[in-house]
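# Dropping the sequence and predicted coords here.
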Amino acid sequence: MAPSMSLVHSANTLNILDFVVNKGHGVKGLSELGLKTLPPQYIQPPQERFDHTSNEEENKDSIPVIDMSNWDDPNVAKAVCDAACKWGFFQIVNHGVPIHVLEDVKDATHKFYALSAEEKNKYSKERSVSNHVRFGTSFTPEAEEALEWKDYLSLFFVSDDEAASLWPPVCRNQALEYMKSSEFMVKKLLEILMKGLNVKEIDESKEAILMGSKRINLNYYPTCPTPELTIGVGRHSDVSTLTVLLQDDIGGLYVRNTETSKWVHVPPVSGSLVINVGDALQIMSNGKYKSVEHRVIANGTNNRISVPIFVNPKPSDVIGPLPEVVGNGEKVLYKHVLYSDYVKHFFRKAHDGKATVEFAMI
Ligand SMILES: CC(C)(COP(=O)(O)OP(=O)(O)OC[C@H]1O[C@@H](n2cnc3c(N)ncnc32)[C@H](O)[C@@H]1OP(=O)(O)O)[C@@H](O)C(=O)NCCC(=O)NCCSC(=O)/C=C/c1ccc(O)cc1
Ligand SMILES: O=C(O)CCC(=O)C(=O)O
Ligand SMILES: [Fe+2]
């Protein structure tokens with residue numbers, strides 16, 4: 001049901017956290033109230049806001065767009081490994097994931113968010129029948145001083161049967177199809193990246209540690225009354241091995257250039273997927289491949305969605321620099337950590353840029 005006018009007029013006195021978090025309206029519900037000003041809970045400290053006055057947007061740098069038509073082309077392998085070392089981010093086109101699968105999962109994301117607050121709230125942390133399915137808002141509201149202008153549905157994949165019984169029916173098949181059709185591409189990318197580290201083949205145990213678990217998030221960034229005061233997602237790096245990100249045509253994702261520290265926009269490219277290195281691969285590669293800080297700005301005129309697949313080690317895996325990488329006597333930068341401990345550490349605090357990986361530093 002649409003929020004009543006009395007609710008709109010009493011927005012100043014509205015208990016924002018109750019409305020957004022407990023009642024399941026999310027920031028989407030807040031956006032649809034038509035607020036003219038941003039609730040104070042969302043006002044980010046100046047250093048976290050996007051500085052439109054700086055020349056960052058004029059920056060001519062951009063992350064590579066790599067054509068994957070020929071997986072066996074050595075130039076393609078070089079472009080992938082170079083991008084993973086320098087940027088930690090690249091976009092791929094002609095990647096083999098059918099375009100209709102990408103369109104379908106974007107449509108399904110809109111359909112999920114079009115459900116009533118009551119329906120979506122059945123999947124909230126408090127009500128969800130499983131912690132493998134979670135609808136939420138911001139990142140970790142309990143730990144954040146300022147909230148992020150974003151809602152999400154996070155789905156941890158265990159099996160088709162579990163997904164069939166637990167995942168929301170409006171988006172379940174489309175999310176599964178996107179994950180399944182990306183699998184070949186992910187495996188090929190990991191093969192290329194491993195070759196670049198002198199790891200000749202991905203045997204069963206390597207495959208498990210690189211891609212033993214998967215999580216898909218359906219992100220929704222509603223139109224914001226004063227986008228310059230808040231943020232869609234704060235500065236962070238992913239804790240995955242690799243992330244496959246599908247974004248729509250709105251834009252707003254920025255990546256830190258590791259050489260200049262400037263923020264570089266990742267422009268929407270029709271039919272492309274954004275690939276980024278996560279902390280687990282940075283650790284396994286002993287820092288050769290970079291898990292790079294990124295963030296998403298809030299938008300004053302459009303709703304935006306994105307659908308990342310996080311390809312991860314299994315929670316029960318112990319990760320550390322691979323023997324093939326540090327066998328030559330190079331300085332070992334990271335210790336071995338239980339992957340689920342690492343992920344819990346990430347989720348228990350607000351986004352804090354590149355600080356998460358300190359958990360694994362020697
Ligand atoms: C630690 C996990 C995630 C949960 O294990 P659990 O046994 O079910 O443990 P808990 O239910 O006690 O959850 C641990 C904490 O993580 C929180 N959490 C549990 N899933 C979630 C959840 N999807 N969302 C945000 N908190 C959660 C959860 O609320 C809880 O916080 P707290 O209550 O304060 O102890 C476990 O499934 C695990 O190790 N998974 C490994 C694979 C995995 O999910 N990897 C994460 C890839 S995600 C990634 O790279 C980036 C994600 C990201 C996401 C949002 C961003 O803005 C930016 C980035
Ligand atoms: O929405 C985006 O473009 C990026 C989202 C993101 O960084 C994440 O979910 O980890
Ligand atoms: Fe991310």
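It's in. Ligands and ions are numbered 1, 2, ... in the order given.
# for the protein, what's the longest helix?
For the chain, the helix reaching the highest residue count under DSSP state H is reported as helix 172-195.
# Send me that helix as CSV with only the CA atoms.
Output of helix 172-195 as CSV, limited to C-alpha atoms (Å, rounded to 0.1, in the frame of the first residue of the first chain):
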residue,chain,number,x,y,z
ARG,A,172,14.7,-16.7,-7.9
ASN,A,173,14.9,-18.3,-11.3
GLN,A,174,16.4,-15.2,-12.9
ALA,A,175,19.1,-14.9,-10.2
LEU,A,176,20.0,-18.6,-10.5
GLU,A,177,20.1,-18.4,-14.3
TYR,A,178,22.5,-15.4,-14.1
MET,A,179,24.7,-17.2,-11.6
LYS,A,180,24.8,-20.4,-13.7
SER,A,181,25.5,-18.7,-17.0
SER,A,182,28.3,-16.8,-15.5
GLU,A,183,30.1,-19.9,-14.2
PHE,A,184,32.1,-20.7,-17.3
MET,A,185,33.3,-17.1,-17.7
VAL,A,186,34.3,-16.9,-14.0
LYS,A,187,36.3,-20.2,-14.3
LYS,A,188,38.0,-19.0,-17.5
LEU,A,189,38.9,-15.7,-15.8
LEU,A,190,40.3,-17.5,-12.8
GLU,A,191,42.4,-19.8,-15.0
ILE,A,192,43.9,-16.7,-16.7
LEU,A,193,44.5,-15.0,-13.4
MET,A,194,46.1,-18.1,-11.9
LYS,A,195,48.4,-18.6,-14.9
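# other SSEs contacting the helix or strand following that helix?
With elements assigned by DSSP states H and E, the helix or strand that comes after helix 172-195 is helix 204-211. Applying 3 or more CB pairs under 8 Å, 6 or more residues apart in numbering; DSSP states H and E, one finds that helix 204-211 makes contact with helix 172-195, helix 279-284, strand 304-312. (Glycine included, C-beta is placed from N, CA and C.)
# quick check: mean pLDDT across the second one?
Right, the one you point to is helix 279-284. Along helix 279-284, the predicted confidence averages to a pLDDT of 98.
# Now tell me what touches it from outside.
By CB atoms under 8 Å, 6 or more residues apart in numbering, the list of residues contacting helix 279-284 from outside reads 84, 88, 193, 209-210, 237-242, 289-291, 312-313, 319-322, 325, 334, 337, 339, 342, 346, 356-357, 360.
# ok, now which ones touch the residue of the stretch 51-200 of the chain found nearest ligand 2?
Taking CB to the nearest ligand atom, ligand 2 has its nearest neighbour within the stretch 51-200 of the chain at residue 152, 7.4 Å off. Residues in contact with residue 152, defined by CB under 8 Å, 6+ apart, are 135, 136, 137, 217, 218, 219, 220.
# now residue 288
85, 196, 197, 325.
# by how many degrees do the longest helix of the chain and helix 204-211 diverge?
Going by axes from the mean of the first three to the mean of the last three CA atoms, to 10 degrees, helix 172-195 is angled at 120 degrees with respect to helix 204-211.
# anything in helix 172-195 near ligand 1?
No. Contact of helix 172-195 with ligand 1 is not found when judged by CB under 6 Å from any ligand atom; the minimum separation is 13.4 Å.
# For the closest residue to ligand 2 within the stretch 151-300 of the chain, what are phi and psi?
Among residues of the stretch 151-300 of the chain, the one nearest ligand 2 by CB to the nearest ligand atom turns out to be residue 253. It sits 3.7 Å away. Listed backbone geometry of residue 253 is phi -90, psi 130, with angles given as degrees, to the nearest 10.
# how close does it sit to residue 316?
Taken as CB to CB, to the nearest Å, the spacing of residue 253 relative to residue 316 amounts to 31 Å.
# okay, the two: which has more neighbours?
Summary of the neighbour comparison: residue 253 and residue 316, criterion other CB atoms under 10 Å, with residue 253 having more neighbours (23 against 11).
# check whether the host helix or strand of residue 164 contacts ligand 1.
Take DSSP H and E as the rule and residue 164 turns out to sit in helix 160-166. No. Between helix 160-166 and ligand 1, judged by CB under 6 Å from any ligand atom, nothing touches; the nearest distance is 13.1 Å.
# buried residues in that helix?
For helix 160-166, the neighbour count (16 or more other CB atoms under 10 Å) marks 163, 166 as buried.
# Please work out the average pLDDT along it.
Helix 160-166 comes out at a mean pLDDT of 97.
# Please apply the same query to stretch 93-108.
On average, the pLDDT along stretch 93-108 is 98.
# quick one: is it near ligand 2?
No. Legend: contact between stretch 93-108 and ligand 2 by CB under 6 Å from any ligand atom is lacking; minimum distance shown is 12.3 Å.
# how far is that stretch from where the chain is centred?
Distance of stretch 93-108 from its chain centroid, counting by CA atoms, centre = their mean, to the nearest Å, is 17 Å.
# mind exporting that stretch as PDB, just the C-alpha atoms?
Once side chains and other backbone atoms are set aside, the C-alpha atoms of stretch 93-108 remain, and they are given as PDB (Å, rounded to 0.1, in the frame of the first residue of the first chain):
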ATOM      1  CA  VAL A  93      32.100  -7.600 -23.400                       C
ATOM      2  CA  ASN A  94      31.400 -10.600 -25.500                       C
ATOM      3  CA  HIS A  95      31.700 -12.600 -22.300                       C
ATOM      4  CA  GLY A  96      29.300 -15.400 -23.300                       C
ATOM      5  CA  VAL A  97      26.600 -14.600 -20.700                       C
ATOM      6  CA  PRO A  98      23.500 -14.200 -22.900                       C
ATOM      7  CA  ILE A  99      22.200 -10.600 -22.900                       C
ATOM      8  CA  HIS A 100      18.600 -11.800 -22.200                       C
ATOM      9  CA  VAL A 101      19.800 -13.400 -19.000                       C
ATOM     10  CA  LEU A 102      21.200 -10.000 -17.900                       C
ATOM     11  CA  GLU A 103      18.000  -8.200 -18.900                       C
ATOM     12  CA  ASP A 104      15.900 -10.800 -17.100                       C
ATOM     13  CA  VAL A 105      17.700 -10.500 -13.800                       C
ATOM     14  CA  LYS A 106      17.500  -6.700 -14.000                       C
ATOM     15  CA  ASP A 107      13.700  -6.900 -14.600                       C
ATOM     16  CA  ALA A 108      13.400  -9.400 -11.700                       C
END
